[in-house]
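curious how this folds, go ahead:
(2 chains)
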Amino acid sequence: MTGLAIAVTLALAVSVIADSKKTLAGLKKGAKMFLNILPALLTVLILVSVFLYAMPAPILTVWLGKGTGWAGVFSAALLGSISLIPGFIAFPLGAILVRSGVSYQVIAVFITTLMMVGILTLPLEAKYFGWKVSILRNTLSFFGALLIGLLMGIFL
Amino acid sequence: MKNKITATLKQYGFLILFGIFILLSYLLPFAAGIAIGKNFFMFFLEMAAILPLMFILIGLFEVWVPRENIIRHLGPEAGAMSILWVVLLAMLQAGPLYAAFPVAALLWKKGCSVRNVFIYLGAFSTLKIPMLAFEIGFLGLKFSLLRALFSLPVFVGIGYLLAWHLRNKSFAVKEPG
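Next up, the predicted model:
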(Lines give C-alpha, C1' and ligand atoms only; values in the text may rest on other atoms or scores of the structure.)
Protein backbone atom coordinates (compact mmCIF):
# COMPACT_ATOMS: atom_id res chain seq x y z
CA MET A 1 0.00 0.00 0.00
CA THR A 2 2.85 2.42 0.80
CA GLY A 3 4.38 1.24 -2.48
CA LEU A 4 1.20 2.18 -4.31
CA ALA A 5 1.09 5.60 -2.63
CA ILE A 6 4.71 6.31 -3.59
CA ALA A 7 4.15 5.15 -7.17
CA VAL A 8 1.07 7.36 -7.54
CA THR A 9 2.85 10.40 -6.07
CA LEU A 10 5.80 9.91 -8.44
CA ALA A 11 3.55 9.37 -11.45
CA LEU A 12 1.54 12.47 -10.57
CA ALA A 13 4.67 14.60 -10.12
CA VAL A 14 6.17 13.49 -13.45
CA SER A 15 2.82 13.99 -15.17
CA VAL A 16 2.33 17.53 -13.80
CA ILE A 17 5.85 18.56 -14.83
CA ALA A 18 5.37 17.11 -18.31
CA ASP A 19 1.92 18.58 -18.96
CA SER A 20 -0.32 19.99 -16.24
CA LYS A 21 -3.37 20.37 -18.51
CA LYS A 22 -3.21 16.76 -19.58
CA THR A 23 -2.75 15.72 -15.94
CA LEU A 24 -5.89 17.60 -14.91
CA ALA A 25 -7.85 15.97 -17.74
CA GLY A 26 -6.63 12.55 -16.57
CA LEU A 27 -7.54 13.24 -12.94
CA LYS A 28 -11.00 14.38 -13.98
CA LYS A 29 -11.52 11.19 -15.98
CA GLY A 30 -10.31 9.06 -13.07
CA ALA A 31 -12.59 10.86 -10.62
CA LYS A 32 -15.58 10.48 -12.93
CA MET A 33 -14.99 6.73 -13.30
CA PHE A 34 -14.62 6.41 -9.54
CA LEU A 35 -17.85 8.30 -8.80
CA ASN A 36 -19.73 6.25 -11.39
CA ILE A 37 -18.87 2.97 -9.72
CA LEU A 38 -19.05 4.20 -6.10
CA PRO A 39 -22.75 3.46 -5.39
CA ALA A 40 -22.48 -0.13 -6.70
CA LEU A 41 -19.23 -0.58 -4.82
CA LEU A 42 -20.62 0.63 -1.49
CA THR A 43 -23.66 -1.60 -1.94
CA VAL A 44 -21.36 -4.61 -2.35
CA LEU A 45 -19.44 -3.55 0.77
CA ILE A 46 -22.75 -3.55 2.70
CA LEU A 47 -23.49 -7.10 1.48
CA VAL A 48 -20.02 -8.18 2.52
CA SER A 49 -20.37 -6.55 5.96
CA VAL A 50 -23.65 -8.35 6.62
CA PHE A 51 -22.12 -11.63 5.44
CA LEU A 52 -19.08 -11.26 7.70
CA TYR A 53 -21.41 -10.56 10.63
CA ALA A 54 -23.42 -13.72 9.89
CA MET A 55 -20.25 -15.74 9.34
CA PRO A 56 -17.42 -14.32 11.49
CA ALA A 57 -13.88 -15.72 11.41
CA PRO A 58 -14.24 -17.97 14.53
CA ILE A 59 -17.33 -19.65 13.06
CA LEU A 60 -15.56 -20.05 9.71
CA THR A 61 -12.70 -21.77 11.54
CA VAL A 62 -15.07 -24.19 13.22
CA TRP A 63 -16.81 -24.99 9.93
CA LEU A 64 -13.58 -25.52 8.03
CA GLY A 65 -12.07 -27.51 10.87
CA LYS A 66 -14.97 -29.93 11.11
CA GLY A 67 -15.05 -30.99 7.51
CA THR A 68 -12.99 -33.99 6.53
CA GLY A 69 -12.48 -35.64 3.15
CA TRP A 70 -14.65 -34.53 0.25
CA ALA A 71 -17.26 -32.86 2.44
CA GLY A 72 -14.51 -30.70 3.94
CA VAL A 73 -13.11 -29.75 0.53
CA PHE A 74 -16.58 -28.96 -0.80
CA SER A 75 -17.60 -26.76 2.14
CA ALA A 76 -14.22 -24.98 1.97
CA ALA A 77 -14.80 -24.27 -1.73
CA LEU A 78 -18.30 -22.97 -1.05
CA LEU A 79 -17.24 -20.76 1.87
CA GLY A 80 -14.27 -19.41 -0.09
CA SER A 81 -16.45 -18.56 -3.07
CA ILE A 82 -19.03 -16.62 -1.09
CA SER A 83 -16.69 -14.88 1.35
CA LEU A 84 -14.86 -11.70 0.53
CA ILE A 85 -12.24 -11.60 3.23
CA PRO A 86 -9.23 -9.32 2.83
CA GLY A 87 -5.82 -11.02 2.82
CA PHE A 88 -4.89 -9.53 6.19
CA ILE A 89 -7.64 -11.64 7.79
CA ALA A 90 -7.61 -14.68 5.49
CA PHE A 91 -3.92 -15.60 5.76
CA PRO A 92 -3.70 -15.44 9.57
CA LEU A 93 -6.91 -17.49 9.61
CA GLY A 94 -5.21 -20.03 7.33
CA ALA A 95 -2.23 -20.20 9.70
CA ILE A 96 -4.57 -20.86 12.66
CA LEU A 97 -6.27 -23.63 10.68
CA VAL A 98 -2.90 -25.26 9.91
CA ARG A 99 -2.02 -25.26 13.60
CA SER A 100 -5.37 -26.69 14.61
CA GLY A 101 -4.75 -29.64 12.33
CA VAL A 102 -6.97 -28.86 9.33
CA SER A 103 -5.62 -30.52 6.18
CA TYR A 104 -3.61 -28.42 3.71
CA GLN A 105 -6.00 -29.48 0.99
CA VAL A 106 -8.98 -27.86 2.73
CA ILE A 107 -6.99 -24.70 3.50
CA ALA A 108 -5.63 -24.46 -0.04
CA VAL A 109 -9.11 -24.87 -1.55
CA PHE A 110 -10.48 -22.20 0.79
CA ILE A 111 -7.67 -19.74 -0.05
CA THR A 112 -7.78 -20.30 -3.82
CA THR A 113 -11.58 -19.98 -4.08
CA LEU A 114 -11.41 -16.93 -1.83
CA MET A 115 -8.99 -15.30 -4.28
CA MET A 116 -10.47 -16.35 -7.60
CA VAL A 117 -14.23 -16.55 -7.07
CA GLY A 118 -16.39 -13.68 -5.85
CA ILE A 119 -20.11 -14.42 -5.60
CA LEU A 120 -20.87 -11.34 -3.48
CA THR A 121 -19.01 -9.08 -5.92
CA LEU A 122 -20.87 -10.50 -8.96
CA PRO A 123 -23.20 -7.46 -9.24
CA LEU A 124 -20.11 -5.26 -9.50
CA GLU A 125 -18.31 -7.53 -11.96
CA ALA A 126 -21.44 -7.73 -14.12
CA LYS A 127 -21.42 -3.95 -14.52
CA TYR A 128 -18.13 -4.30 -16.39
CA PHE A 129 -18.36 -7.72 -18.09
CA GLY A 130 -22.11 -8.44 -18.21
CA TRP A 131 -23.88 -11.14 -16.16
CA LYS A 132 -23.28 -14.05 -18.54
CA VAL A 133 -19.53 -13.60 -18.85
CA SER A 134 -19.12 -12.82 -15.13
CA ILE A 135 -20.94 -15.99 -14.12
CA LEU A 136 -18.93 -17.97 -16.65
CA ARG A 137 -15.64 -16.54 -15.40
CA ASN A 138 -16.54 -17.32 -11.79
CA THR A 139 -17.66 -20.85 -12.65
CA LEU A 140 -14.43 -21.57 -14.53
CA SER A 141 -12.44 -20.02 -11.68
CA PHE A 142 -14.34 -22.14 -9.15
CA PHE A 143 -13.28 -25.38 -10.84
CA GLY A 144 -9.80 -23.99 -11.47
CA ALA A 145 -9.40 -23.08 -7.80
CA LEU A 146 -10.68 -26.50 -6.76
CA LEU A 147 -8.09 -28.13 -9.05
CA ILE A 148 -5.26 -25.99 -7.64
CA GLY A 149 -6.29 -26.76 -4.06
CA LEU A 150 -6.53 -30.49 -4.70
CA LEU A 151 -3.13 -30.54 -6.43
CA MET A 152 -1.60 -28.73 -3.47
CA GLY A 153 -3.06 -31.32 -1.14
CA ILE A 154 -1.06 -33.95 -3.02
CA PHE A 155 2.23 -32.04 -2.75
CA LEU A 156 1.97 -30.69 0.82
CA MET B 1 -32.75 18.67 -12.96
CA LYS B 2 -35.57 16.77 -11.27
CA ASN B 3 -34.62 13.65 -13.23
CA LYS B 4 -31.06 13.98 -12.05
CA ILE B 5 -32.15 14.14 -8.39
CA THR B 6 -34.36 11.04 -8.75
CA ALA B 7 -31.51 9.23 -10.51
CA THR B 8 -29.12 10.08 -7.67
CA LEU B 9 -31.69 9.06 -5.06
CA LYS B 10 -32.21 5.77 -6.86
CA GLN B 11 -28.44 5.17 -6.91
CA TYR B 12 -27.84 6.12 -3.30
CA GLY B 13 -31.24 5.27 -1.76
CA PHE B 14 -30.11 1.90 -0.44
CA LEU B 15 -26.94 3.43 1.00
CA ILE B 16 -28.90 6.18 2.77
CA LEU B 17 -31.23 3.54 4.28
CA PHE B 18 -28.18 1.58 5.43
CA GLY B 19 -26.73 4.73 7.01
CA ILE B 20 -30.00 5.34 8.91
CA PHE B 21 -30.03 1.70 10.02
CA ILE B 22 -26.50 1.97 11.43
CA LEU B 23 -27.27 5.28 13.13
CA LEU B 24 -30.40 3.81 14.77
CA SER B 25 -28.38 0.73 15.81
CA TYR B 26 -26.02 2.97 17.75
CA LEU B 27 -28.85 4.98 19.32
CA LEU B 28 -30.94 2.02 20.46
CA PRO B 29 -28.38 0.25 20.87
CA PHE B 30 -28.77 -2.74 18.55
CA ALA B 31 -25.72 -5.02 18.78
CA ALA B 32 -26.05 -6.74 15.38
CA GLY B 33 -26.39 -3.40 13.61
CA ILE B 34 -23.34 -2.01 15.40
CA ALA B 35 -21.28 -5.09 14.46
CA ILE B 36 -22.35 -4.78 10.81
CA GLY B 37 -21.51 -1.08 10.91
CA LYS B 38 -18.04 -1.86 12.23
CA ASN B 39 -17.49 -4.42 9.47
CA PHE B 40 -18.62 -1.90 6.90
CA PHE B 41 -16.23 0.68 8.29
CA MET B 42 -13.33 -1.82 8.02
CA PHE B 43 -14.13 -2.65 4.38
CA PHE B 44 -14.72 1.02 3.64
CA LEU B 45 -11.25 1.90 4.98
CA GLU B 46 -9.65 -0.83 2.85
CA MET B 47 -11.46 0.53 -0.19
CA ALA B 48 -10.71 4.18 0.62
CA ALA B 49 -7.00 3.47 1.07
CA ILE B 50 -6.57 1.90 -2.36
CA LEU B 51 -9.26 2.79 -4.88
CA PRO B 52 -8.77 6.58 -5.13
CA LEU B 53 -5.06 5.95 -5.80
CA MET B 54 -5.93 3.34 -8.42
CA PHE B 55 -8.28 5.74 -10.17
CA ILE B 56 -5.61 8.46 -10.23
CA LEU B 57 -3.31 5.97 -11.99
CA ILE B 58 -6.12 4.90 -14.31
CA GLY B 59 -6.81 8.54 -15.23
CA LEU B 60 -3.12 9.23 -15.94
CA PHE B 61 -2.84 5.98 -17.91
CA GLU B 62 -5.88 7.03 -19.92
CA VAL B 63 -4.39 10.34 -21.07
CA TRP B 64 -0.73 9.33 -21.43
CA VAL B 65 -0.62 5.82 -22.86
CA PRO B 66 -1.40 5.77 -26.59
CA ARG B 67 -3.82 3.12 -27.81
CA GLU B 68 -1.30 1.97 -30.43
CA ASN B 69 1.15 0.90 -27.70
CA ILE B 70 -1.40 -1.27 -25.91
CA ILE B 71 -2.58 -2.80 -29.20
CA ARG B 72 1.02 -3.57 -30.19
CA HIS B 73 2.03 -5.11 -26.86
CA LEU B 74 -1.23 -6.57 -25.46
CA GLY B 75 -3.57 -6.70 -28.47
CA PRO B 76 -4.96 -9.70 -30.37
CA GLU B 77 -1.88 -9.87 -32.63
CA ALA B 78 0.65 -9.49 -29.81
CA GLY B 79 1.75 -13.11 -29.34
CA ALA B 80 2.76 -15.03 -26.23
CA MET B 81 5.03 -12.33 -24.79
CA SER B 82 1.92 -10.24 -24.12
CA ILE B 83 0.88 -12.79 -21.49
CA LEU B 84 4.08 -12.09 -19.58
CA TRP B 85 3.42 -8.32 -19.75
CA VAL B 86 -0.14 -8.47 -18.37
CA VAL B 87 0.90 -10.88 -15.63
CA LEU B 88 3.74 -8.57 -14.56
CA LEU B 89 1.41 -5.55 -14.66
CA ALA B 90 -1.11 -7.35 -12.43
CA MET B 91 1.56 -8.56 -10.00
CA LEU B 92 2.64 -5.00 -9.26
CA GLN B 93 -0.79 -4.04 -7.98
CA ALA B 94 -2.59 -4.23 -4.68
CA GLY B 95 -6.14 -4.42 -3.44
CA PRO B 96 -9.25 -6.59 -3.62
CA LEU B 97 -10.39 -8.09 -6.94
CA TYR B 98 -12.99 -5.40 -7.52
CA ALA B 99 -10.12 -2.90 -7.87
CA ALA B 100 -9.00 -4.82 -10.98
CA PHE B 101 -12.28 -4.41 -12.89
CA PRO B 102 -11.84 -0.72 -13.83
CA VAL B 103 -8.23 -1.40 -14.90
CA ALA B 104 -9.45 -4.29 -17.05
CA ALA B 105 -12.04 -1.98 -18.62
CA LEU B 106 -9.34 0.57 -19.41
CA LEU B 107 -6.98 -2.05 -20.89
CA TRP B 108 -9.83 -3.29 -23.07
CA LYS B 109 -10.69 0.23 -24.21
CA LYS B 110 -7.06 0.77 -25.20
CA GLY B 111 -7.02 -2.34 -27.36
CA CYS B 112 -5.93 -5.20 -25.07
CA SER B 113 -7.15 -8.60 -26.31
CA VAL B 114 -10.00 -10.50 -24.59
CA ARG B 115 -7.60 -13.28 -23.61
CA ASN B 116 -5.19 -10.86 -21.98
CA VAL B 117 -7.96 -8.99 -20.12
CA PHE B 118 -8.97 -12.23 -18.39
CA ILE B 119 -5.37 -13.31 -17.80
CA TYR B 120 -4.91 -9.91 -16.15
CA LEU B 121 -7.86 -10.61 -13.81
CA GLY B 122 -6.48 -14.07 -13.00
CA ALA B 123 -2.99 -12.79 -12.23
CA PHE B 124 -4.43 -9.93 -10.17
CA SER B 125 -6.48 -12.29 -8.04
CA THR B 126 -3.70 -14.83 -7.42
CA LEU B 127 -0.23 -13.29 -7.90
CA LYS B 128 -0.17 -9.72 -6.50
CA ILE B 129 3.24 -9.21 -4.90
CA PRO B 130 1.99 -7.41 -1.73
CA MET B 131 -0.45 -10.26 -1.14
CA LEU B 132 2.19 -12.94 -1.84
CA ALA B 133 4.50 -11.38 0.74
CA PHE B 134 1.73 -11.58 3.32
CA GLU B 135 0.85 -15.13 2.33
CA ILE B 136 4.48 -16.30 2.65
CA GLY B 137 4.62 -14.73 6.12
CA PHE B 138 1.63 -16.69 7.39
CA LEU B 139 1.50 -19.89 5.35
CA GLY B 140 5.13 -20.37 4.38
CA LEU B 141 7.18 -20.17 1.19
CA LYS B 142 6.38 -23.70 0.04
CA PHE B 143 2.62 -23.20 0.28
CA SER B 144 2.73 -19.85 -1.54
CA LEU B 145 5.14 -20.98 -4.28
CA LEU B 146 3.13 -24.12 -5.01
CA ARG B 147 -0.10 -22.13 -5.09
CA ALA B 148 1.41 -19.55 -7.46
CA LEU B 149 2.93 -22.27 -9.65
CA PHE B 150 -0.39 -24.13 -10.04
CA SER B 151 -2.41 -20.92 -10.42
CA LEU B 152 -0.50 -19.61 -13.45
CA PRO B 153 -1.48 -22.31 -15.98
CA VAL B 154 -5.04 -22.37 -14.61
CA PHE B 155 -5.79 -18.66 -15.12
CA VAL B 156 -3.93 -18.54 -18.45
CA GLY B 157 -6.10 -21.49 -19.50
CA ILE B 158 -9.24 -19.66 -18.35
CA GLY B 159 -8.13 -16.65 -20.43
CA TYR B 160 -7.77 -18.80 -23.54
CA LEU B 161 -11.10 -20.56 -22.88
CA LEU B 162 -13.06 -17.34 -22.40
CA ALA B 163 -11.45 -15.72 -25.47
CA TRP B 164 -12.31 -18.82 -27.51
CA HIS B 165 -15.89 -18.81 -26.19
CA LEU B 166 -16.33 -15.11 -26.99
CA ARG B 167 -14.51 -15.16 -30.38
CA ASN B 168 -17.61 -14.65 -32.57
CA LYS B 169 -19.69 -12.75 -30.04
CA SER B 170 -19.95 -8.99 -29.69
CA PHE B 171 -18.28 -8.91 -26.29
CA ALA B 172 -17.12 -5.63 -24.77
CA VAL B 173 -15.90 -4.58 -21.32
CA LYS B 174 -18.11 -1.67 -20.32
CA GLU B 175 -17.34 1.34 -18.19
CA PRO B 176 -20.27 1.71 -15.78
CA GLY B 177 -22.16 5.01 -15.64
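
tell me the spacing between the closest residue to A:Leu151 other than its chain neighbours and A:Ala95.
Among residues not flanking A:Leu151 along the chain, B:Phe150 sits closest, at 5.2 Å (CB to CB, 6 or more residues apart in numbering or on different chains). (C-beta placed from N, C-alpha, C; glycine too.) Applying CB to CB, to the nearest Å, the value for B:Phe150 to A:Ala95 is 20 Å.

neighbour count for those two, which is higher?
With neighbours defined as other CB atoms under 10 Å in any protein chain shown, B:Phe150 and A:Ala95 compare such that B:Phe150 has more, 21 against 17.

SS state for the most centrally placed residue in chain B?
Central residue of chain B (CA atoms, centre = their mean): B:Ala100, 1.8 Å from the mean position. Following DSSP: H, G, I helix; E, B strand; the rest coil, B:Ala100 is assigned to helix.

what do you get for A:Ile85?
Judged by three-state DSSP, the three-state class of A:Ile85 is coil.

what is the burial count for it?
A:Ile85 is flanked by 22 other residues according to other CB under 10 Å.

residues in contact with it?
A:Leu52, A:Ala57, A:Leu93, A:Leu114 (CB atoms under 8 Å, 6 or more residues apart in numbering or on different chains).

make a PyMOL selection of the buried ones in those residues.
With 16 or more other CB atoms under 10 Å in any protein chain shown as the criterion, this PyMOL line picks the buried residues out of these:
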select buried, chain A and resi 52+93+114
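
and the contacts of A:Ile85, which is closest to A:Ile46?
A:Leu52 (10.9 Å; CB to CB).

the nearest residue to B:Gly157 once chain neighbours are set aside sits in which helix or strand?
What sits nearest to B:Gly157 in space, not counting adjacent residues and going by CB to CB, 6+ apart, is A:Gly144, at 7.4 Å. Per DSSP states H and E, A:Gly144 falls inside helix A:131-155.

can you classify B:Ala78 by secondary structure?
B:Ala78 - assigned by three-state DSSP - is coil.

give me the neighbour count for it.
B:Ala78: 20 neighbours (other CB under 10 Å).

how long is stretch B:105-115 from one end to the other?
13 Å (CA to CA, to the nearest Å).

domains of the chain?
Here I'm looking at chain A. A:1-39, A:55-155 (automatic domain parsing).

try again with chain B
According to automatic domain parsing, the domains of chain B span B:1-64, B:65-168.

can you lay out those as a markdown table showing distance to A:Ala18?
Output for the domains of chain B, formatted as a markdown table (distance: least, CB to CB, whole Å):
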| stretch | distance to A:Ala18 |
| --- | --- |
| domain B:1-64 | 8 |
| domain B:65-168 | 13 |
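
deepest-packed of those domains, please.
Highest mean neighbour count among the domains of chain B (mean count of other CB atoms under 10 Å in any protein chain shown): domain B:65-168, with a mean of 19.

could I get the contacting residues of A:Leu150?
Applying CB under 8 Å, 6+ apart to A:Leu150 gives the contacts A:Val73, A:Gln105, A:Val109.

thinking again about what came up before, dump the domains of chain A into CSV; add mean pLDDT as well.
Formatted as CSV, those follow (pLDDT from 0 to 100):
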stretch, mean pLDDT
domain A:1-39, 90
domain A:55-155, 87
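
give me whichever of those is most buried.
Mean neighbour counts for the domains of chain A (mean count of other CB under 10 Å) peak at domain A:55-155, with a mean of 19.

what strand or helix carries the residue nearest to A:Met152 when sequence neighbours are not counted?
Distances taken as CB to CB, 6+ apart put A:Ala108 closest to A:Met152, at 4.0 Å, once the chain neighbours are dropped. Using DSSP H and E, the element containing A:Ala108 is helix A:104-116.

please consider this matter closed, and thank you.
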